[in-house]
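Enquirer: Next come a sequence and a model predicted from it.
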Amino acid sequence: MKSLAIFSKIILVILLFPPAAAPAQEAPGATARPDPRQVFAELVKPYRNLNDYTVKIHAKVNLPTIRVPDFTATLYFKKPDRFHIETKSFAPIPRNSGVFNPSQFDPEKNRITYQRTENLGGTRADLYRVEPLDAKTQVRYYNVWVGGVPGRILQVENLSFRGTKGLVKLSYGTVAQGAEKWLLPENVHIHLTFPEGAPNPDASSFTTKDNPVSGGMGRLDEISGEGDIHIAYSDWLVNAGLDDRLFKNDRNH
């Protein structure tokens with residue numbers, strides 16, 4: 001069990017820190033660059049009235065040095081960033097990639113700059129560098145690819161201050177409740193790269209409030225190499241009016 005704890009913490013870190021690409025030079029007569037703040041304000045806008053949600057999670061984990069069985073769990077989320085997990089088994093969930101937070105890239109909370117336009121798997125996508133303004137964050141910055149119709153986040157690359165990397169690819173489905181519809185994650189694939197040849201420098205950087213697992217776990221003292229996490233989401237229930245007491249014992253807010 002000792003190795004299982006830090007694993008969850010490491011993963012949380014990973015999904016927060018990405019390497020950014022240098023801004024592309026704009027040729028004379030080229031199309032005007034998009035306004036980053038406006039683009040991300042439009043991404044966040046459809047979720048302004050999403051106050052809480054409940055969703056089923058089905059996950060497959062393949063990480064170096066540790067073994068985690070496939071698991072299912074129920075995830076509860078409430079604005080601004082509270083979440084609670086219920087499961088009958090060990091369920092390491094990356095907080096910043098496995099837990100959908102619609103305001104994570106709010107332009108009021110981040111410094112956002114346009115980098116360039118790329119072809120991402122046959123889809124035109126604009127690449128942005130997103131730097132959290134919170135001085136306490138463990139995130140250096142994100143690379144965020146935005147594309148599709150309607151516009152959505154297709155991919156996020158993260159690089160931690162301590163060297164762990166994560167590449168997150170997302171697909172979405174439309175969830176309808178009454179007259180309202182939301183575009184919500186359907187599948188997420190997270191590829192993780194850990195520093196080689198030394199105890200994981202990101203393991204000790206996780207604090208208890210970042211621990212997303214509802215239940216006791218051991219600590220993971222070292223992990224290196226590369227791994228993958230696949231998460232599928234189903235049975236979304238939005239704005240059920242979740243009680244604050246559901247989150248009071250969780251050390252994540």
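Expert: Happy to help now that I have it.
Enquirer: Kindly list the main-chain dihedrals of residue 42?
Expert: Main-chain dihedrals, residue 42, degrees, to the nearest 10: phi -70, psi -30.
Enquirer: Surely it and residue 146 touch.
Expert: No: checked against C-beta atoms under 8 Å, the pair residue 42 and residue 146 is beyond contact range at 9.6 Å. For the C-beta atoms, the positions are set from N, CA and C on the backbone; glycine is no exception.
Enquirer: Between these two, point out the one with more neighbours.
Expert: Shown here are residue 42 and residue 146; by other C-beta atoms under 10 Å, residue 146 has more neighbours (22 against 14).
Enquirer: any residues in contact with both of residue 42 and residue 146?
Expert: In terms of C-beta atoms under 8 Å, 6 or more residues apart in numbering, residue 42 and residue 146 are not both contacted by any residue.
Enquirer: what sits against residue 150?
Expert: Neighbour list for residue 150: residue 183 [criterion: C-beta under 8 Å, 6+ apart].
Enquirer: gap between residue 177 and residue 39?
Expert: 27 Å (C-beta to C-beta, to the nearest Å).
Enquirer: higher neighbour count, those two?
Expert: Remark: of residue 177 and residue 39, residue 39 carries more neighbours, 18 against 12, as counted by other C-beta under 10 Å.
Enquirer: does the more buried one count as helix, strand or coil?
Expert: helix (DSSP: H, G, I helix; E, B strand; the rest coil).
Enquirer: And the strands in this protein?
Expert: All strands of the chain, identified by DSSP state E, fall at 52-62, 71-78, 82-86, 110-120, 123-132, 139-147, 152-160, 165-177, 180-194, 225-238.
Enquirer: Tabulate those in JSON lines, adding columns for distance to residue 100 and mean pLDDT.
Expert: Below are the strands of the chain laid out as JSON lines (distance: least, C-beta to C-beta, whole Å; pLDDT from 0 to 100):
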{"stretch": "strand 52-62", "distance to residue 100": "8", "mean pLDDT": "93"}
{"stretch": "strand 71-78", "distance to residue 100": "7", "mean pLDDT": "93"}
{"stretch": "strand 82-86", "distance to residue 100": "10", "mean pLDDT": "89"}
{"stretch": "strand 110-120", "distance to residue 100": "17", "mean pLDDT": "97"}
{"stretch": "strand 123-132", "distance to residue 100": "16", "mean pLDDT": "96"}
{"stretch": "strand 139-147", "distance to residue 100": "14", "mean pLDDT": "92"}
{"stretch": "strand 152-160", "distance to residue 100": "10", "mean pLDDT": "89"}
{"stretch": "strand 165-177", "distance to residue 100": "9", "mean pLDDT": "93"}
{"stretch": "strand 180-194", "distance to residue 100": "5", "mean pLDDT": "92"}
{"stretch": "strand 225-238", "distance to residue 100": "8", "mean pLDDT": "93"}
